[in-house]
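# this one's structure only:
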């Protein structure tokens, strides 16, 4: 199979490693990425039957940006499948339907909160890859005839994400974006020594996960955003033999409990609360939730029990390797495209 993949997130090494695995499974893969996006940079390169090319982009909004030259690269490659990793409401998802290709088309979506007001773009795709179960429900509500499959955007590179030889700190650590919906402030309110690593480069993440006894992912729901992924921090930490506490916010319960049975390396607690932005957009209100008490109990319970930490770490890595590793998810994606 010849597969072309386009999206602003292709600049991230996490995504590139996944599609390199797809190529290793016997396919030709062309990845079209911006050369720069935020803090990230990438140059064109090839590894076996995987090739990454870069394009200049106009705009930084993920819905309206334009990737100049992407069409020429894809039309020259003439893939069997064109896989767009942008939301259906993006310019790229809409404009790429007009490209001169005989290829079938797939679209990846995280969207799990805002209903679609039209199905026109969705009906232009042969397959919608949904990053969570709520995303699939929104698709089926307006385009029930369009084939869908629920898969993570990428898997976990368990060669990269494995425990590193470093002394583990006794404190619990938060690793993630510095954003209200990630819940760090609420979690620190009940556990003041919770340490934050707000921005950690991808290559350094295994060392960060391996440097602590416990990772806390305290995501909260809001009226403007719901957690869309596993989250990756939880499963990557599990792959590094590090126990995790996370919340039942957004799609997290689906991935950590229902996707392939419970992840034994992760303890789920109730949501810590809910954020609500006022209609005028000028202030944010916080509604505390029952997860605050559960988190305050779960952190010392795990930190003070070495045997429990070791068992959670061992079982969590095994679960990730069996259900969410790059080879496993790559095979599932190829099966869906086939």
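Looks like it came in fine. Everything numeric in this text was worked out from a predicted model, so none of it was measured.
# can you read off the pLDDT for the closest residue to residue 118 other than its chain neighbours?
Nearest residue to residue 118, sequence neighbours excluded (C-beta to C-beta, 6 or more residues apart in numbering): residue 142, at 7.4 Å. All C-beta spots, glycine's among them, are computed from the backbone N, C-alpha and C. Note for residue 142: predicted pLDDT of 92.
# what about residue 142, how many neighbours?
16 (other C-beta atoms under 10 Å).
# repeat for residue 75
With other C-beta under 10 Å as criterion, residue 75 counts 15.
# now do the same for residue 128: helix, strand or coil?
strand (DSSP: H, G, I helix; E, B strand; the rest coil).
# make sure it is actually in contact with residue 110.
No: look at residue 128 against residue 110 with C-beta atoms under 8 Å: they stay out of range, at 11.6 Å.
# tell me which of the two has more neighbours.
More neighbours surround residue 128 than the other of residue 128 and residue 110, with 22 against 18 (other C-beta under 10 Å).
# how about the longest helix along the chain: buried residues?
Longest helix in the chain, counting residues (DSSP state H): helix 306-323. Across helix 306-323, burial judged by 16 or more other C-beta atoms under 10 Å covers 309, 312, 313, 315, 316, 317, 319, 320, 321, 323.
# could you do stretch 216-224 as well?
Within stretch 216-224, the residues that count as buried by 16+ other C-beta under 10 Å are 216, 217, 218, 219, 220, 221, 222.
# got the contact list for that stretch?
Stretch 216-224 is contacted from outside by 113, 172-176, 180-184, 186-187, 191, 194, 227, 231, 233-234, 244-247, 249-250, 252, 271-277, 289, 291, 295, 299, using C-beta atoms under 8 Å, 6 or more residues apart in numbering.
# in strands only, show me these.
172-175, 244-247, 273-277 (DSSP state E).
# of those, closest to residue 147?
Closest approach between those and residue 147, by C-beta to C-beta: residue 246, at 30.7 Å.
# mind checking how far stretch 207-223 is from the chain centre?
Taking C-alpha atoms, centre = their mean, to the nearest Å, the mean C-alpha location of stretch 207-223 is offset from the chain mean by 14 Å.
# burial of residue 180, as a residue count?
Quick note: residue 180 (other C-beta under 10 Å) scores 17 neighbours.
# so it touches residue 275, yeah?
Yes: with contact defined as C-beta under 8 Å, residue 180 reaches residue 275; the gap is 5.7 Å.
# common neighbours of the two, please.
Between them, residue 180 and residue 275 share the contacting residues 220, 222, 284, judged by C-beta under 8 Å, 6+ apart.
# as a markdown table, those with secondary structure and pLDDT would be great.
Listed next are those as a markdown table, based on DSSP: H, G, I helix; E, B strand; the rest coil; pLDDT from 0 to 100:
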| residue | secondary structure | pLDDT |
| --- | --- | --- |
| 220 | coil | 92 |
| 222 | strand | 90 |
| 284 | strand | 83 |
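# following element in sequence after the longest helix of the chain, please.
helix 326-337 (DSSP states H and E).
# mean confidence for that following helix?
The pLDDT scores in helix 326-337 average 98.
# repeat that for stretch 226-238.
Stretch 226-238 carries an average pLDDT of 92.
# how far does that stretch sit from its chain's centre?
On C-alpha atoms, centre = their mean, the centre of stretch 226-238 falls 7 Å from the chain's centre.
# just checking, residue 139 is part of a helix?
Yes: under three-state DSSP, residue 139 sits within a helix.
# OK, contacts around it?
Residue 139 neighbours (C-beta under 8 Å, 6+ apart): 109, 116, 122, 128, 130, 146, 148.
# quick one: it from residue 223, how far?
Distance, residue 139 to residue 223, by C-beta to C-beta, to the nearest Å: 22 Å.
# how does this structure divide into domains?
As assigned by automatic domain parsing, the chain contains the domains 2-154, 169-323.
# now do the one helix or strand in the chain whose mean pLDDT sits lowest against strand 273-277, angle only.
Using mean pLDDT, DSSP states H and E, the weakest-scoring helix or strand in the chain turns out to be strand 284-288, at a mean of 87. Orientation check (axes from the mean of the first three to the mean of the last three C-alpha atoms, to 10 degrees): strand 284-288 against strand 273-277 gives 160 degrees.
# who does strand 284-288 pair with, and is each partner parallel or antiparallel?
Strand 284-288 pairs in its sheet with strand 273-277 (antiparallel), by DSSP bridges.
# and the strand it pairs with, what's buried?
273, 274, 275.
# correct me, but the first one touches residue 291?
Spelled out, that is residue 273. Yes: using C-beta under 8 Å, residue 273 is in contact with residue 291, at 7.4 Å.
# so which residues of the stretch 51-200 of the chain form helices?
70-77, 91-95, 133-142, 184-190 (DSSP state H, counting those that start in this stretch).
# residue 103: which of the ones you listed is closest?
It's helix 70-77; of those, that one is closest to residue 103 (C-beta to C-beta) at 8.2 Å.
# who's in contact with the residue nearest to residue 89 when sequence neighbours are not counted?
Take residue 89 and drop its neighbours on the chain: the residue closest to it by C-beta to C-beta, 6+ apart is residue 63, 5.8 Å away. Neighbour list for residue 63: 86, 87, 89, 90, 91 [criterion: C-beta under 8 Å, 6+ apart].
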